[in-house]
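Student: Task: produce atomic coordinates for the following.
(2 chains)
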There are 2 protein chains.
Amino acid sequence: VRAEVVAIGTELLLGQIVDTNSAWIGEQLALSGIDCNYQTRVGDNQERIVLALRTALARNDAVIACGGLGPTQDDLTREAIAEMAGVALVRDDEIAERIAAMFRSRGREMAASNLRQADVPVGASPIPQTRGTAPGLVVPVGHKVLYAVPGVPHEMREMLDRAVLPDLRERAAARQEAAVIRSRTLRTWGMTESGLAEVVAPRVDALDRALAQPDHGPVPTIAFLASGIEGIKVRLTVKAPSQEEAEAALAVEEAEERALLGDVVFGVDGESMETAVARELLRLGLDLAVAESLTGGLAAARLVAVDGASGWFRGGVVAYATEAKRALLDLPDGVPAVSAEAAKAMAAGVRRRFEAAVGLATTGVAGPAEQDGQPVGTVFVGLALGPASSEAEAVELRLPGDRERVRQYATISALDLLRRRLRALTP
Amino acid sequence: VRAEVVAIGTELLLGQIVDTNSAWIGEQLALSGIDCNYQTRVGDNQERIVLALRTALARNDAVIACGGLGPTQDDLTREAIAEMAGVALVRDDEIAERIAAMFRSRGREMAASNLRQADVPVGASPIPQTRGTAPGLVVPVGHKVLYAVPGVPHEMREMLDRAVLPDLRERAAARQEAAVIRSRTLRTWGMTESGLAEVVAPRVDALDRALAQPDHGPVPTIAFLASGIEGIKVRLTVKAPSQEEAEAALAVEEAEERALLGDVVFGVDGESMETAVARELLRLGLDLAVAESLTGGLAAARLVAVDGASGWFRGGVVAYATEAKRALLDLPDGVPAVSAEAAKAMAAGVRRRFEAAVGLATTGVAGPAEQDGQPVGTVFVGLALGPASSEAEAVELRLPGDRERVRQYATISALDLLRRRLRALTP
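Tutor: Next comes the predicted model:
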């Protein structure tokens, strides 16, 4: 089964929004073993949407149209589909009632235009909406199929997962194209892309040799993906006759990679650095408080985002002004705010203030100007972890980039330091 | 002149890379007044690249092919262009020497495959490379034109600016299409998309009437763009003979929209909610401290991201554990952590603790489970702003979505409440 993504919206063509939806859909299609040879973007113009959908249907078995299902005049996907299929639009009372109920439950008045979203081309079936007000559509076109989903990312994703991908997989299975593509991503922090490539080179060679064997089984490929403040991802991808064989090949390769990379790997797939920190804290039965200066709440926000954070996260202080560092974190007078000594004092201070087992602190210069004689990008991470209440260590970092990137890099670097130190402990 | 962008690379279809190049090119085309009705992505497959280029040329005057010019076997754009044009590839000695010189100057050995990058289709002119090793191509096809540029963003951008956009503008001028497209985005928070559309409907009608006049001047169009936690954007776009006329038409229309929308508009273009808050605080000469429970540092992190935040941001407390709310923010015993009273006490407490003029607080239930008898999505925002040290107000919100969205919506809602209250004050 070959599918094309058609993303609809003038804002995409004008570059006002980057089309992350198509990238996400492309990834999901690959994970389901559905080929995707083309993606198209087209503006809010009915004639051109019709042409884009026709072109896409001509060269594929399935088309996923994304966007243009909203309530306003420039949302034309429903009309374009009806024109393409040569059928009328008919209002679906059940969908209309769902939309009205959604507005009632939020205590908001519904504009009449919202009911346009209940219009369904004759012959199509709606995909009921569970999040936004826009339902999706499944439109059979001969033996082919067109799906329409909203452009709002979380609505689109939920509808793909619930309705579109299962239907596509069923169509693929019916044609006995039951090969699957699976991938697994090792998340790393602390090495450059070329450094990683060098360490992993023996595995690349080994996999190349395996591929050269006649009748070889599933052989993964390795790719590197720099993801900025999320680190560098090492992605293993394999095509296999079944999910079980794919997962088995990935598990073997993951073990090989981990043996080479060691604790540079902090997680797998969606596991973030904060998830890794949470896992270590739970393993050790410790709780945590954070004191942040240049990172200004970013570390706390990442930690709180972990499910069950209330079990191990006590809270934090954003001590942006230097007087706040002295008043709330007992930073001694005379100690410069950007220094190893300040980072240690802040870590110990926040641990004491929140009666936590571990205190983590950041201070540094995000820019644009230098501070306390330290250049932009200088960051000190403080960590209070030992048994003595005043004991703490500090690590100095020099981080590249502008104000925002320095803050983001400082945040993940601080969490990574904490992760590595916790890994070394036994409960 | 109508141009289509064809982005080439299997990694784009697999979602391993988000196609930011097309978004950037789309923006540049709009700024130069070049229409862009379609964008296409295609993988590293010669037959399909040829088909994509032919389709694009058929419906446009110009095509910009981006990517697939590298030295490896999966870089097929040169071959695809030669096949499409029915011509041979010939090695260009000058380009070859440039590539060799680039390797010499970096002290690196050149793989023979790099010279493939010096192959030029007969009839095409190279765009000399100044950054990477890949030159671009200008390929005349009848009275139409195809440009090929590398996929590495900074190489692509430099080549667009230097060669492609000037050539396109010249073609547009030759046809006397010397128009520019400009747009302006009003950022809003607090109304639904359909609600906004209803309020703005008189302007849509007025603009439609203006367009119906013979010999009308530049008339903007209005579009709505839901941007999740960033609010809903109202985008005004206008095509005019010159930049001055475009800006003038946008200024008039912005004033009309603001008269209808009032303080629902919090900013323009790249202005964020936190920028709007900063502007009000600076206007009034006030400083701010924040106490966060469910938002866990998100509000502080957004505020610190504003340039010059140290001038008006004192800091904050992330009081995630209830005991932390009592110890650091003087939440009285017996007051439930999720309540209007708690939000008020936290706002007053953090204002006192940081000796700030304004205290802002959030408490609520992000989920997954209810808390203090309150359902998921219940949020109280506290604001201490008045002259009396204990005076504070609280606003209750019911926010939709999962844990992450509730936290994000709570953050921007709290900042918006602060912005509205500050707007009402005089210095």
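
Student: who's in contact with the residue nearest to residue A:113 when sequence neighbours are not counted?
Tutor: Excluding the flanking residues, the one nearest residue A:113 by Cβ to Cβ, 6 or more residues apart in numbering or on different chains is residue A:71, at 4.7 Å. All C-beta atoms are positioned from the backbone trio N, CA, C, and that covers glycine. Contacts for residue A:71 (Cβ atoms under 8 Å, 6 or more residues apart in numbering or on different chains) come out as A:111, A:113-114, A:116-117, A:133-134, B:193-194, B:197.

Student: following the one helix or strand residue A:80 maps to, which helix or strand shows up next?
Tutor: In the assignment (DSSP states H and E), residue A:80 maps to helix A:77-85. Downstream of helix A:77-85, the first helix or strand assigned by DSSP H and E is strand A:89-91.

Student: which residues are in contact with that following strand?
Tutor: With Cβ under 8 Å, 6+ apart as the test, strand A:89-91 has contacts from A:78-79, A:82, A:115, A:118-122.

Student: Show me which of those residues are buried.
Tutor: A:78-79, A:82, A:115, A:118-121 (16 or more other Cβ atoms under 10 Å in any protein chain shown).

Student: separation between the residue positioned nearest the centre of chain A and chain B?
Tutor: In chain A, the residue lying closest to the centroid (Cα atoms, centre = their mean) is residue A:270, at 7.0 Å. Here the criterion is Cβ to the nearest Cβ, to the nearest Å. By it, residue A:270 lies 13 Å from chain B.

Student: What of residue A:124?
Tutor: 23 Å.

Student: re earlier: may I ask which two of the contacts of strand A:89-91 are separated the most?
Tutor: A:115 and A:122 (17.5 Å; Cβ to Cβ).

Student: buried sites along the helix or strand that contains residue A:420?
Tutor: Under the criterion of DSSP H and E, residue A:420 resides in helix A:403-423. For helix A:403-423, the neighbour count (16+ other Cβ under 10 Å) marks A:403, A:405-422 as buried.

Student: Likewise for stretch A:88-108?
Tutor: For stretch A:88-108, by 16+ other Cβ under 10 Å, it's A:89, A:92, A:95-96, A:98-99, A:102-103.

Student: As TSV, these with pLDDT, distance to residue B:399 and secondary structure would be great.
Tutor: Below are these laid out as TSV (pLDDT from 0 to 100; distance: Cβ to Cβ, whole Å; DSSP: H, G, I helix; E, B strand; the rest coil):
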residue	pLDDT	distance to residue B:399	secondary structure
A:89	95	33	strand
A:92	93	29	coil
A:95	90	25	helix
A:96	91	25	helix
A:98	88	20	helix
A:99	88	20	helix
A:102	83	15	helix
A:103	84	16	helix
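
Student: between those residues, which is nearest chain B?
Tutor: residue A:103 (8.5 Å; Cβ to the nearest Cβ).

Student: how about that closest one, what does it touch?
Tutor: Contacts of residue A:103 (Cβ under 8 Å, 6+ apart): A:109-110, A:114, A:133.

Student: and these, which are buried?
Tutor: By 16+ other Cβ under 10 Å, the contacts of residue A:103 give A:110, A:114, A:133 as buried.

Student: wait, the second one sits on residue A:98?
Tutor: So that's residue A:114. No - counting by Cβ atoms under 8 Å, residue A:114 does not reach residue A:98; the two are 10.8 Å apart.

Student: just the contacts of strand A:89-91: which has the poorest pLDDT?
Tutor: Ranked by pLDDT, the contacts of strand A:89-91 bottom out at residue A:115, which has 89.

Student: Next, the contact list for residue A:409, please.
Tutor: Residues counted as contacts of residue A:409 (Cβ under 8 Å, 6+ apart) are A:229, A:379, A:397, A:399-401.

Student: what's the answer for residue A:359, then?
Tutor: A:288-291, A:346-352, A:382-385, A:392.

Student: on that earlier part again, which ones among the contacts of residue A:103 map onto strands?
Tutor: Among the contacts of residue A:103, DSSP state E puts none in strands.

Student: just curious, which of those is nearest to chain B?
Tutor: Once Cβ to the nearest Cβ is applied, the member of the contacts of residue A:103 that ends up nearest chain B is residue A:114, at 5.1 Å.

Student: The closest one and residue A:96: what is the separation?
Tutor: Separation of residue A:114 from residue A:96 (Cβ to Cβ, to the nearest Å) stands at 9 Å.

Student: Same check on residue A:380?
Tutor: Between residue A:380 and residue A:96 the distance is 59 Å, computed by Cβ to Cβ.

Student: ok, now residue A:356?
Tutor: Here residue A:356 is placed at a distance of 53 Å from residue A:96 (Cβ to Cβ).

Student: for residue A:115, same thing?
Tutor: Separation of residue A:115 from residue A:96 (Cβ to Cβ) stands at 5 Å.

Student: Figure out how far the helix or strand harbouring residue A:195 is from the centre of its chain.
Tutor: Using DSSP H and E, residue A:195 sits within helix A:193-212. On the basis of Cα atoms, centre = their mean, to the nearest Å, helix A:193-212 sits 27 Å off its chain's mean C-alpha point.

Student: helix or strand right after that helix?
Tutor: strand A:221-226.

Student: And the helices in chain A?
Tutor: A:10-13, A:20-31, A:46-58, A:77-85, A:93-105, A:153-159, A:165-174, A:193-212, A:243-261, A:273-284, A:298-304, A:322-329, A:340-353, A:403-423 (DSSP state H).

Student: circling back to that earlier point, next, format the contacts of residue A:103 as CSV and append pLDDT.
Tutor: Compiled in CSV, these are given as follows (pLDDT from 0 to 100):
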residue, pLDDT
A:109, 79
A:110, 82
A:114, 87
A:133, 76
